[in-house]
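Trainee: Give me a 3D structure for the following:
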Amino acid sequence: MTPPGLIISAPASGTGKTTLMLGLLGAFRAAGLTVQPFKSGPDYIDPAFHRAASGRMSVNLDSWAMGTDRIAGLIGAGADADLVLAEGSMGLFDGVARRGEAGTGASADLSALTGWPVVLVLDVSGQAQSAAAVAKGFAAFRPDVTVAGVVLNRVASPRHEALVRVGMEAAGIRVFGALPRKATIEMPERHLGLVQAEETPELERIIAEAGAFVAEHLDLGALRGAAAASTLPAAAPVRVTPPGQRIALARDAAFSFVYPHLLDGWRTAGAEILPFSPLADEAPDDSADCCWLPGGYPELHGPRLAAASRFRQGLRLFSETKPVHGECGGYMAMGAAIVDREGRRHEMAGLLGLVTSFEKRRMHLGYRCAELGAAIPGHRAGARLRGHEFHYSTILDQPDMALARVEDANGDPVPETGSRRGRATGTFFHLIAEAI
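Mentor: Here you go, the predicted model:
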């Protein structure tokens, strides 16, 4: 039986979900509880922060890309914990228009699937009793989603808090506590969202301070008491096919975006992961069966990657006899060049002819379903893969053969089809799961 859980969600992005999540993880851990974190949706940055705060691997649960059995199997990993906390993405009901494997990707779908109640984080700055109308609307919007109560965030003063509480009491909405503004625990941001956990030098202090702050202002006992056990039937983890028996995995500040459930699935299937750092000018291990280059921020490290001759030459030699696959940033690093924000061109590995530019930023964001026209490591030609794309690069040249037929969540064709040349393949989307 899994431990009781809660989903930390909000009406919109930018309301303080991640800060509250880290504070709760830190506070409950300091109180001696084992807390299993999860992340609703395709975000690949937040789980690393969750792990730092909880001491446990955080896993993405995605109702659009994952079937119910896969979600249930992943939830089972937290069976030994005292409490489950799942951080939502965007607003509670925000998902795509068309249903995927088990839902639309909305955090509300995860709540409905699991039975975990929602704790709604409300940014009450600029309003008082009116915040109760928002909370009541969210509580009544879907009968299959339970809103356990709210946390008031960015409260200006005791008087402000009292006025908001009057409205919540009239609406019958439970208040778990109120958080005043505290700039010292806010997370730094970057063009793709938060700065990565390993790049946040004060992360340990932020987590400790956030934990103490949350413990001071929220009723932790009431929050724990509001949690409910998952209603999903227990299921064994769905098997993940690794890309090879021995996987050379690029892993550093430029290449870090790979979903934790995939890495864990590869290891569970018996694969051995051999990390190497392109930024340290390391080449993939010759003994590996394949090489996997995850996404990340190669555009921020163009000069170092261009100067990493051992990495570039080693990757080219590796690809002559063994497969190499890249996702998003890894795909771009496999290409001919990356043009940075200032218009400077940096030569990349040249396994593919792809040239991308950040000089003119254009956001590409959304779920992707791809039918492979050729095999990639771990997946045969014809396989249907579900993933997510998020980047700001513009394609200047893409001369190689298309890798896949790609659609968005609405079933509309996506022009970014990935590339293949010889044993080298790449996609702009990050793989989440093979479609059922």
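Trainee: which element is residue 112 on?
Mentor: helix 107-114 (DSSP states H and E).
Trainee: again with residue 312
Mentor: helix 309-319.
Trainee: list the helices and strands that helix packs on?
Mentor: Packing partners of helix 309-319 (3 or more CB pairs under 8 Å, 6 or more residues apart in numbering; DSSP states H and E): strand 290-293. In short, each C-beta sits where N, CA and C put it, glycine included.
Trainee: would you list every one of the helices in this structure?
Mentor: Counting by DSSP state H, residue ranges of the helices within the chain are 17-30, 46-54, 68-75, 107-114, 130-141, 158-171, 203-217, 220-226, 260-268, 302-307, 309-319, 329-334.
Trainee: Of these, give the one that comes closest to residue 378.
Mentor: Evaluated over these, closeness to residue 378 peaks at helix 260-268, with 8.4 Å, by CB to CB.
Trainee: I'd like to know how many residues surround the residue lying closest to residue 436 once chain neighbours are set aside.
Mentor: What sits nearest to residue 436 in space, not counting adjacent residues and going by CB to CB, 6 or more residues apart in numbering, is residue 67, at 5.1 Å. Residue 67 sits with 18 neighbouring residues when counted by other CB atoms under 10 Å.
Trainee: for residue 360, same thing?
Mentor: Other residues within reach of residue 360, judged by other CB under 10 Å, total 12.
Trainee: Any regions of the stretch 201-350 of the chain where pLDDT drops low?
Mentor: Low-confidence segments of the stretch 201-350 of the chain (pLDDT under 70): 201.
Trainee: Kindly recompute the last result at 90.
Mentor: For the stretch 201-350 of the chain, applying pLDDT under 90 flags the ranges 201-206, 234.
Trainee: what's in contact with the helix holding residue 312?
Mentor: Under the contact criterion CB atoms under 8 Å, 6 or more residues apart in numbering, helix 309-319 has outside partners 248, 278, 281-284, 286, 288, 291, 305, 324, 334, 347-351, 422-424.
Trainee: Just the buried residues from these, in PyMOL please.
Mentor: To isolate the buried subset of the contacts of helix 309-319 in PyMOL, counting by 16 or more other CB atoms under 10 Å, use the following:
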select buried, resi 248+278+281+282+283+284+288+291+305+324+334+348+349+350+351+423+424
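Trainee: partner residues bridging the closest residue to residue 46 other than its chain neighbours?
Mentor: Leaving aside its chain neighbours, residue 46 sits nearest to residue 39 (5.0 Å; criterion: CB to CB, 6+ apart). Beta-bridge pairing of residue 39 under DSSP bridges involves residue 60, residue 87.
Trainee: Same question for residue 419.
Mentor: As assigned using DSSP bridges, the partners bridged with residue 419 are residue 402, residue 426.
Trainee: wouldn't it be in contact with residue 397 here?
Mentor: No. Because the distance of 10.5 Å does not satisfy CB atoms under 8 Å, residue 419 is recorded as not touching residue 397.
Trainee: What residue in this protein is the furthest from its centre?
Mentor: residue 159 (37.5 Å; CA atoms, centre = their mean).
Trainee: ok, back up a step: what packs against the helix holding residue 112?
Mentor: For helix 107-114, the packing partners by 3+ CB pairs under 8 Å, 6+ apart come out as strand 5-9, helix 68-75, strand 118-123.
Trainee: a markdown table for those, including mean pLDDT and distance to residue 106?
Mentor: Formatted as a markdown table, these follow (pLDDT from 0 to 100; distance: least, CB to CB, whole Å):
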| stretch | mean pLDDT | distance to residue 106 |
| --- | --- | --- |
| strand 5-9 | 98 | 9 |
| helix 68-75 | 97 | 14 |
| strand 118-123 | 98 | 11 |
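Trainee: any chance of these in a markdown table, with distance to residue 92 and mean neighbour count too?
Mentor: Rendered in a markdown table, the data for those read as follows (distance: least, CB to CB, whole Å; neighbours: other CB atoms under 10 Å):
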| stretch | distance to residue 92 | mean neighbour count |
| --- | --- | --- |
| strand 5-9 | 4 | 26 |
| helix 68-75 | 18 | 22 |
| strand 118-123 | 6 | 25 |
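Trainee: mind putting the ones you listed in a markdown table, distance to residue 89 included?
Mentor: Listed next are the helices and strands packed on helix 107-114 as a markdown table, based on distance: least, CB to CB, whole Å:
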| stretch | distance to residue 89 |
| --- | --- |
| strand 5-9 | 8 |
| helix 68-75 | 15 |
| strand 118-123 | 13 |
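Trainee: Nearest approach to residue 264 belongs to which of the ones you listed?
Mentor: helix 68-75 (8.9 Å).
Trainee: thinking again about what came up before, among the helices of the chain, which is the most enclosed?
Mentor: Most buried of these by mean neighbour count (mean count of other CB atoms under 10 Å) is helix 329-334; its value is a mean of 30.
Trainee: Isn't residue 302 up against residue 343?
Mentor: No. Contact between residue 302 and residue 343 fails when scored by CB under 8 Å: they sit 11.4 Å apart.
Trainee: mind listing what's buried in stretch 334-350?
Mentor: Neighbour count says stretch 334-350 has 334, 335, 336, 337, 338, 339, 340, 345, 346, 348, 349, 350 buried, by 16+ other CB under 10 Å.
Trainee: and that stretch, how far apart are its ends?
Mentor: 6 Å (CA to CA, to the nearest Å).
Trainee: swap in stretch 330-340?
Mentor: In terms of CA to CA, the two terminal residues of stretch 330-340 are separated by 15 Å.
Trainee: same deal with stretch 39-47?
Mentor: Across stretch 39-47, the terminal residues are separated by 7 Å (CA to CA).
Trainee: Stretch 287-300 too?
Mentor: One end of stretch 287-300 sits 30 Å from the other (CA to CA).
Trainee: ok, back up a step: can you flag which of the buried residues of stretch 334-350 belong to strands?
Mentor: Using DSSP state E, 337, 338, 339, 345, 346 are the members of those that sit in strands.
Trainee: Now flag whichever of the residues you listed is closest to residue 148.
Mentor: Closest to residue 148 out of these is residue 338 (46.2 Å), distances taken as CB to CB.
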